[in-house]
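J.: Predicted model and sequence follow; I will ask about them next.
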Amino acid sequence: MAMEKMSIAKALNESLRKALDTDPKVLIMGEDVGKLGGVFRITDGLQKDFGEDRVIDTPLAESGIVGTAIGLALRGYRPVVEIQFDGFVFPAYDQIVTQLAKMHARALGKIKLPVVIRIPYGGGIGAVEHHSESPEALFAHVAGLKVVSPSNASDAYWMMQQAVQSDDPIIFFEPKRRYWDKGEVETDSIPGPLHKASLARTGTDLTLVAYGPMVKVCLEAAAAAQEEGKSIEVLDLRSMSPIDFDAIQTSVEKTGRLVVVHEAPVFYGSGAEIAARITERCFYHLEAPVLRVGGYHAPYPPARLEDEYLPGLDRVLDAVDRSLAY
């Protein structure tokens, strides 16, 4: 069993390296992904080792990048596209929604589009708007796309492997403020299915559901709550489309309470869908309303105000206290 400690950034780099090495049809494309290795150095060293034909520096044109990837996928390649920052994806939104997400159904299943679109997302790095946003709900709403986000190095490594091997188009959101968080990665065996939630911490009094950058905050909240005698279960969703509602239901039937946490604005966020579905499924098990913690329904603020905007430990613990007070 090969076990290594590595950062999320390193895990993604190693996973992409393995994908390139395993399948000659895998390509990486994006702005500055080659010689520079990407702004976060996720693709560092890959062009040097695999050449400019497989790790391709593109023009600053997201629509062109995704459109080219769609064409390559139609010709049998497996392109992995990097969008430099979350807010830069929107010039390509038309290509993603009207072409990438729909071609499989339009062709009655005869065409497959194995494209992975990597998007560093979320705040916490002291950047401005278009560099710190969480647009995952916009993609999860689109039928035909799969949307995932790892919270730790092991998931980053294996979820990228699974995404590249999938025949579905996958939007792969990478929590940029967690890039340097380290964890153990077993590089020999896949932990589980790509779209299955993971139990990050067991508890009996309340369930916290999160994904990507907020899983760490929820684990910290659960540890803080334990000091006050509260037993909090933390479920790492991992996938925002499809959502593993069965795992959430199982947890909520045990604890009777649910708080959903995400960085994206609460208004029309993924937490709203989870709250609605779990209320339908678990109505007679719930001891309190499903509560949501997230960003505000406002443009992302200047960097010096982002700590006030982003949901942190205090806001999560406040929701926990409000739920337990019912």
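T.: Thanks, I have the structure now. Numbers count the residues shown, from 1 in each chain.

J.: Helix, strand, or coil at Leu72?
T.: helix (DSSP: H, G, I helix; E, B strand; the rest coil).

J.: report the longest strand in the protein, please.
T.: Selection of the longest strand in the chain by residue count, based on DSSP state E, yields strand 258-265.

J.: Which other helices and strands does the following helix or strand past it contact?
T.: Next helix or strand after strand 258-265 toward the C-terminus (DSSP states H and E): helix 270-282. Applying 3 or more Cβ pairs under 8 Å, 6 or more residues apart in numbering; DSSP states H and E, one finds that helix 270-282 contacts helix 136-140, helix 245-255, strand 258-265, strand 291-295. For every residue, glycine as well, the C-beta is placed using N, CA and C.

J.: what angle do helix 270-282 and strand 258-265 make?
T.: Between helix 270-282 and strand 258-265, the angle comes out at 160 degrees (axes from the mean of the first three to the mean of the last three Cα atoms, to 10 degrees).

J.: For helix 270-282, list every residue counted as buried.
T.: For helix 270-282, the neighbour count (16 or more other Cβ atoms under 10 Å) marks 270-275, 278, 281-282 as buried.

J.: same question, stretch 172-190
T.: 172-179, 181, 183, 185, 187.

J.: In this structure Leu72 contacts Val66, no?
T.: No - shown here, Leu72 and Val66 do not form a contact pair, counting by Cβ atoms under 8 Å, at 10.6 Å.

J.: more neighbours, these two?
T.: The residue with more neighbours, out of Leu72 and Val66, is Val66; 26 against 20, by other Cβ atoms under 10 Å.

J.: returning to what we had before: which secondary structure elements does the longest strand of the chain sit against?
T.: Contacts defined by 3+ Cβ pairs under 8 Å, 6+ apart place strand 258-265 against helix 136-140, strand 206-210, helix 214-226, helix 245-255, helix 270-282, strand 291-295, helix 313-324.

J.: outside of the first one, which residues touch it?
T.: With Cβ atoms under 8 Å, 6 or more residues apart in numbering as the test, helix 136-140 has contacts from 93, 96, 121, 145, 147, 149, 171, 173, 240-241, 262, 264, 268-270.

J.: The second one now?
T.: Applying Cβ under 8 Å, 6+ apart, the contact partners of strand 206-210 are 151, 217-218, 221-222, 230-237, 248, 251-252, 254-262, 274, 316, 320, 323-324.

J.: ok, Leu235 - contacts?
T.: Residues in contact with Leu235 (Cβ under 8 Å, 6+ apart) are 197-200, 207-210, 247-248, 251.

J.: looking at the sheet around it, what are its partners?
T.: Per DSSP bridges, the residues bridged to Leu235 are Leu199, Val209.

J.: returning to that earlier point: could I get the helices and strands packed on helix 270-282 in TSV, plus columns for mean neighbour count, distance to Asp21 and mean pLDDT?
T.: Below are those laid out as TSV (neighbours: other Cβ atoms under 10 Å; distance: least, Cβ to Cβ, whole Å; pLDDT from 0 to 100):
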stretch	mean neighbour count	distance to Asp21	mean pLDDT
helix 136-140	22	29	97
helix 245-255	18	33	98
strand 258-265	26	33	97
strand 291-295	22	39	97
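
J.: between these, which one is nearest to Gln226?
T.: Proximity to Gln226 (Cβ to Cβ) singles out helix 245-255 among those, at 14.2 Å.

J.: which secondary structure elements does that closest one contact?
T.: Secondary-structure packing of helix 245-255 (3+ Cβ pairs under 8 Å, 6+ apart): strand 206-210, strand 232-236, strand 258-265, helix 270-282.

J.: Any chance of CSV for those, columns distance to Val164?
T.: Formatted as CSV, those follow (distance: least, Cβ to Cβ, whole Å):
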stretch, distance to Val164
strand 206-210, 25
strand 232-236, 21
strand 258-265, 25
helix 270-282, 24
